[in-house]
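> Mind looking at a prediction? Sequence and model below.
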There are 2 protein chains.
Amino acid sequence: MLNLDATFAALADPTRRAILARLARGEATVMELAAPFEMTQPAVSRHLKVLERAGLIVRRAEGTRRPCQLAPAAIDEIDQWLGMLREALAKNYDRLDGVLAEMQRNKRKGKR
Amino acid sequence: MLNLDATFAALADPTRRAILARLARGEATVMELAAPFEMTQPAVSRHLKVLERAGLIVRRAEGTRRPCQLAPAAIDEIDQWLGMLREALAKNYDRLDGVLAEMQRNKRKGKR
């Protein structure tokens, strides 16, 4: 069970979301991430630590390289949580559809 | 276009997520929300303001009542953003499937 507080807090930063968007195109090292973002490597490393603790990325050792990649766990957990809200919204729409259909029926009856 | 920073920051709080979960079961007023959460109405109101600014809820006037309900806009926007990460993860799995299939083929060839 991941900490949703940490996951959502990690996503509330535009640079961290941009790093995730970059990793969506494939794994990258700190050095590779620092260049396009015009950030120092320590600054990128700090963001990566937040993303790693939040379960949004994993880092693997490959000799002296430590490439980062997206991790599915946190994204799955957010998805599940949002799913609950999506279902509720869908039900609200269904109720609204019902109300509109009822109004339509009453309108037709009135015309007769 | 909503501010994703504000939306994710609003979700990074367990009380605000619990309020959204309660609203998923139907609209509620500040008073109705305060009771089960054992919070004062001003404390609930502060959380509702954060959720409203983040586009996660809307409040409508109904006489003197101002019931809150879930808003689809912010949830749709988060969904779109997560969709990009989900697609990337799915592609990674496809690549992994490809690698495993290749390993399997090579293993079979080795056996012959």
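Perfect, I can see it now.
> Which strands or helices does the lowest-mean-pLDDT helix or strand in chain A pack on?
Least confident helix or strand, chain A: helix A:72-111 with a mean of 78, by mean pLDDT, DSSP states H and E. Judged by 3 or more Cβ pairs under 8 Å, 6 or more residues apart in numbering or on different chains; DSSP states H and E, helix A:72-111 is in contact with helix A:4-11, helix B:14-23, strand B:68-70, helix B:72-111. Any C-beta I mention is one placed from the backbone N, CA and C, and that applies to glycine too.
> center of chain A, which residue is that?
In chain A, the C-alpha nearest the mean C-alpha coordinate belongs to residue A:75, at 5.8 Å (Cα atoms, centre = their mean).
> Now that residue. Nearest residue, chain neighbours left out?
residue B:85 (5.4 Å; Cβ to Cβ, 6 or more residues apart in numbering or on different chains).
> just residue A:67 next, same as before
What sits nearest to residue A:67 in space, not counting adjacent residues and going by Cβ to Cβ, 6+ apart, is residue A:27, at 4.3 Å.
> Return the backbone torsion pair for that neighbour.
Phi and psi for residue A:27, reported as degrees, to the nearest 10, are phi -60, psi 160.
> Can you check the pLDDT for it?
We have a pLDDT of 91 for residue A:27.
> Give me the neighbour count for it.
Neighbour count of residue A:27, defined by other Cβ atoms under 10 Å in any protein chain shown: 18.
> separation between it and residue B:65?
Distance of residue A:27 to residue B:65, given as Cβ to Cβ, to the nearest Å: 52 Å.
> got it, and residue A:20?
Distance of residue A:20 to residue B:65, given as Cβ to Cβ: 41 Å.
> now do residue A:69
For residue A:69 relative to residue B:65 (Cβ to Cβ), the value is 49 Å.
> Of the two, which one has the most company?
residue A:69 (16 against 13).
> Quick check: closest non-adjacent residue to residue A:81.
Per Cβ to Cβ, 6+ apart, closest to residue A:81 is residue A:4, 6.4 Å.
> ok, now which ones touch that neighbour?
A:77-78, A:81, B:11-12, B:14, B:17 (Cβ atoms under 8 Å, 6 or more residues apart in numbering or on different chains).
> Perfect, that will be all.
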